[in-house]
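Chemist: Next one to model:
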Amino acid sequence: MEMMETKSGGAGDFARFDLTRVPSPCFVVDEAAVERNLAVLADVAERSGAKVLSALKAFSFPALAPLVSRYLSGTCASGLFEARLARQHYSGGDGGGEVATYCAGYKPADMDEIIDYSDHLIFNSPAQKNRFLEQIRANGKDIHIGLRINPEHSEGLVPKYDPCAPFSRLGTPVSQLTQDDMEGVDGLHFHTLCEQEFAPLQRTWEAVRPQIEEFLPKLKWLNFGGGHHITRADYDRDALVAFLIDIRQSTGLDIYLEPGEAVALDAGILVGEILDTFHNDMDIAITDISATCHMPDVIEAPYRPDILGEVESGDATRLGGPSCLAGDVIGDYRFASKPKIGDRIAFLDQAHYSMVKTNTFNGVPLPAIALWNAKTDELKMVREFGYDDFLVRLGG
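Modeler: Down below sits the predicted model:
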């Protein structure tokens, strides 16, 4: 099975964070690191004239919503609940931040509320758009209608994370797009990237532009989706800015980007504790962090997250979670000294796509959430979870 590579930039300021300051397990998000990422994204937006939205599917954290709202033009949501979160927490005091909502399939009962929260409403297919067009017009709100297209140009490194893989359910194949499909459409949306740099975006645009050229004069905007690792150290931001300026000038359209991971890249860790150690042809340690419950992408992608303090040589220890799932394995790691019961550990770059995916399978407790500021060393416990959180999710 092909494995994704972690894009972690290292421990950074977390190298000096005392892991015993928080309960275990616990996500610790560095406010200073998030703000550093936001400043980079805001600079790209200012220089290029494009609008940058924060993808809540990757990083939904109301405690930092005011900070995100100060730097970016708004948020993108994946359905009713995220749209509500966006409007209520991320739009600033005046509600001025834009909310772009896209879902692969909408429910009629949700539509009026989604319209109320959204500025852009993006549909996965012409059929979905046509199904709800009259309801949107009857609502009376001035809302932009978008249509997601499949550029039929793959840049994904792993098929399950490639929206343009064969038989994809995401977006209308661009080769099938007709003038009738574009009735009532204000903008086109495509998303082909996953943790990638600038060149794949440029190649995608070069592949898709000739196929949508005839539709551009009637549009108001283009949305290039997410997967842009703009805040990564090796990302060519100057090339991105020049690219966005050129498209804006040549098409006359507004351009949107929807980074998610880039907002929280290298801005969070997941702290855990060693519960037990034993040997079964190799050293094994059980932790209170579960891959399946707390970092499901470790299994789904799959990938091996970086860990604080790993060394290059020595015998490896396999770290696994407390659940009954045989495959609840995080990875094999080398330490300066063998892990002992009670030792604290921390997995790096866990603020995005981990906090939003946790679950309570097997009754495994949810990690607490803490907000730290690397500049001031201020630490705040945002939320701790208990039995009631497990019970309520199951109808108790």
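
Chemist: Does residue 331 have any beta-bridge partners, and if so which?
Modeler: Taking DSSP bridges as the rule, residue 331 bridges to residue 319.

Chemist: residues in contact with the residue nearest to residue 119 when sequence neighbours are not counted?
Modeler: What sits nearest to residue 119 in space, not counting adjacent residues and going by C-beta to C-beta, 6 or more residues apart in numbering, is residue 98, at 4.7 Å. For every residue, glycine as well, the C-beta is placed using N, CA and C. Contacts for residue 98 were tallied using C-beta atoms under 8 Å, 6 or more residues apart in numbering; they are 51, 53, 73-75, 119-120.

Chemist: domains of the protein?
Modeler: Structural domains assigned to the chain are 12-28+267-393, 49-264, following automatic domain parsing.

Chemist: Present those domains as CSV; the columns should include mean pLDDT and distance to residue 40.
Modeler: Output for these, formatted as CSV (pLDDT from 0 to 100; distance: least, C-beta to C-beta, whole Å):
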stretch, mean pLDDT, distance to residue 40
domain 12-28+267-393, 97, 12
domain 49-264, 95, 5
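
Chemist: want to throw these into a markdown table with distance to residue 5?
Modeler: Shown next, in a markdown table, are the domains of the chain (distance: least, C-beta to C-beta, whole Å):
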| stretch | distance to residue 5 |
| --- | --- |
| domain 12-28+267-393 | 7 |
| domain 49-264 | 9 |
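
Chemist: where do the helices sit along the stretch 201-350 of the chain?
Modeler: With DSSP state H, counting those that start in this stretch as the criterion, the stretch 201-350 of the chain has helices at 237-251, 261-264, 291-294, 297-300.

Chemist: Please apply the same query to the stretch 1-150 of the chain.
Modeler: Going by DSSP H, counting those that start in this stretch, the stretch 1-150 of the chain shows helices at 31-48, 65-71, 80-85, 108-117, 126-139.

Chemist: I'd like the ones you listed laid out as CSV, including mean neighbour count and distance to residue 373.
Modeler: Shown next, in CSV, are the helices of the stretch 1-150 of the chain (neighbours: other C-beta atoms under 10 Å; distance: least, C-beta to C-beta, whole Å):
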stretch, mean neighbour count, distance to residue 373
helix 31-48, 19, 5
helix 65-71, 18, 11
helix 80-85, 19, 23
helix 108-117, 15, 30
helix 126-139, 15, 42
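
Chemist: Of these, give the one that comes closest to residue 184.
Modeler: For the helices of the stretch 1-150 of the chain, proximity to residue 184 was assessed by C-beta to C-beta; helix 126-139 is nearest, at 5.5 Å.

Chemist: got the angle between the closest one and helix 108-117?
Modeler: Per axes from the mean of the first three to the mean of the last three C-alpha atoms, to 10 degrees, the angle that helix 126-139 makes with helix 108-117 is 60 degrees.
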